[in-house]
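Participant: Return a 3D structure for these sequence lines:
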Amino acid sequence: MKEETKEKTKNFMDKVKKVFDRGIVASKKALGVAGDAVQDFSDKSVLRIEKMQLESKLKKQYELLGEYASDTFAKKNSIAASDTKVSAILKEIKRIKAEIKARETALASDGAVKPSAGTAAKTSAKASAKPAAKKAAAKPASNKASSAKTPAKTTAKKSTAAKKTSAKK
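Facilitator: You can find the predicted model right below:
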């Protein structure tokens with residue numbers, strides 16, 4: 001009788017183990033599919049953000065071109081595409097448009113972006129700069145552009161911070 005009970009218990013435990021094993025396999029498979037979907041969504045979101053940033057840069061280039069053309073017309077009454085500044089801006093506009101096109105193509109397909117020859121170096125430079133950027137973000141660094149433009153603001157901020165500190169004491 002004891003052996004019969006032991007065998008029934010063993011068979012029951014084997015069945016329970018098989019059910020759990022199937023559940024684990026199914027869970028892993030479902031989590032893998034969900035993980036892939038989340039990764040795809042994340043990649044596409046990054047591409048959308050990059051595309052919007054590129055469109056913003058494109059708009060700035062058009063503004064620069066328009067401003068330069070306006071200033072040049074006011075002085076000379078003519079402007080040519082061979083002008084060094086105009087050609088540089090036009091070259092940058094062309095590059096940005098190619099990048100936008102690459103992002104649009106990637107969004108329409110699987111999400112992989114093939115960088116153009118000009119951006120391959122920039123992309124690798126950005127990739128190597130990311131760890132440095134994280135370190136720099138952790139440490140307060142002086143911003144040359146903002147400190148050169150607004151020395152009065154930084155002094156005002158320091159004095160405000162000093163007042164707040166002395167008020168707390």
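Participant: Residue 24: neighbouring residues, count only.
Facilitator: Neighbours of residue 24 under the rule other C-beta atoms under 10 Å: 10. For the C-beta atoms, the positions are set from N, CA and C on the backbone; glycine is no exception.
Participant: Regarding it, which helix or strand does it belong to?
Facilitator: According to DSSP states H and E, residue 24 maps onto helix 2-76.
Participant: Quick one: name whatever helix or strand follows that helix.
Facilitator: Sequence order places helix 84-108 as the next helix or strand after helix 2-76, per DSSP H and E.
Participant: which of the residues in that next one are buried?
Facilitator: By neighbour count on 16 or more other C-beta atoms under 10 Å, the buried set for helix 84-108 is 86, 89, 92, 93, 95, 96, 99, 100, 102, 103, 106, 107.
Participant: what's the helix holding residue 24 packed up against?
Facilitator: helix 84-108 (3 or more C-beta pairs under 8 Å, 6 or more residues apart in numbering; DSSP states H and E).
Participant: Could you tell me the angle between the helix it packs on and helix 2-76?
Facilitator: Interaxial angle of helix 84-108 relative to helix 2-76 (axes from the mean of the first three to the mean of the last three C-alpha atoms, to 10 degrees): 160 degrees.
Participant: Helix 84-108 packs against which elements?
Facilitator: Using 3+ C-beta pairs under 8 Å, 6+ apart, helix 84-108 sits against helix 2-76, helix 117-138.
Participant: Mind checking the pLDDT average for stretch 59-77?
Facilitator: Averaging pLDDT along stretch 59-77 yields 91.
Participant: Can you tell me what sits against that stretch?
Facilitator: 78, 79, 83, 85, 86, 89, 90, 92, 93, 96 (C-beta atoms under 8 Å, 6 or more residues apart in numbering).
Participant: again, only using 10 Å
Facilitator: 78-80, 83, 85-86, 88-97 (C-beta atoms under 10 Å, 6 or more residues apart in numbering).
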